[in-house]
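J.: this one's sequence-less:
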């Protein structure tokens, strides 16, 4: 009978830990997905639409569209028309001077952009304004897509 090497023992332990971890992580998600906590957006009767994008169930209201000039730069935001990286932004697109600003909604409902990634803000409008502040007059370059 072959001896059990340290490498085989560690490999087996890692495999078991991975399988156990996956079951632990997925089991609570499956049971809590159908339950809606009291005080959540879904139970308050909010008129804002909710959407499931890219397999993610955010249960968050869609932000209000905007179109304004901020510090001499035109910033716009609204529902995404598809394509690009819109799945990270919950189906919402933000433009600075006509160039898409890559935005993403965090799990806590805050928003970040590729320009101000470590400074979460409450809305996509605030993310666009933070990006304009951070750019300090520089042009926003298109986000690489491939």
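T.: Happy to help now that I have it. Please read these numbers as outputs of a predicted model, since none were measured by experiment.

J.: lowest confidence element among the helices and strands of the chain?
T.: When each helix and strand of the chain is scored by mean pLDDT, DSSP states H and E, strand 52-53 comes last, with a mean of 42.

J.: so what's residue 63 closest to, chain neighbours aside?
T.: Of all residues not flanking residue 63 in the chain, residue 124 sits nearest, at 5.1 Å (Cβ to Cβ, 6 or more residues apart in numbering). Bear in mind the C-beta positions are built from the backbone N, C-alpha and C, glycine included.

J.: Was I right to think the one you found contacts residue 77?
T.: Yes - between residue 124 and residue 77 there is a contact at 4.7 Å, judged by Cβ atoms under 8 Å.

J.: So between these two, which is more surrounded?
T.: residue 124 (28 against 24; other Cβ atoms under 10 Å).

J.: quick one: pLDDT of residue 37?
T.: The model reports residue 37 with a pLDDT of 45.

J.: follow-up on the earlier one: which residues does the residue nearest to residue 63 contact?
T.: Taking Cβ atoms under 8 Å, 6 or more residues apart in numbering, we find residue 124 in contact with 63, 66, 77, 89, 92, 94, 103, 111.

J.: How is the third one assigned, secondary-structure-wise?
T.: Assigned by DSSP: H, G, I helix; E, B strand; the rest coil, the conformation of residue 77 is strand.

J.: Now the residue nearest to residue 63. Its backbone dihedrals?
T.: Dihedral angles of residue 124 (phi, psi; degrees, to the nearest 10) stand at phi -60, psi -30.

J.: And for the one 4 residues further on?
T.: In terms of degrees, to the nearest 10, the main-chain angles of residue 128 are phi -60, psi -40.
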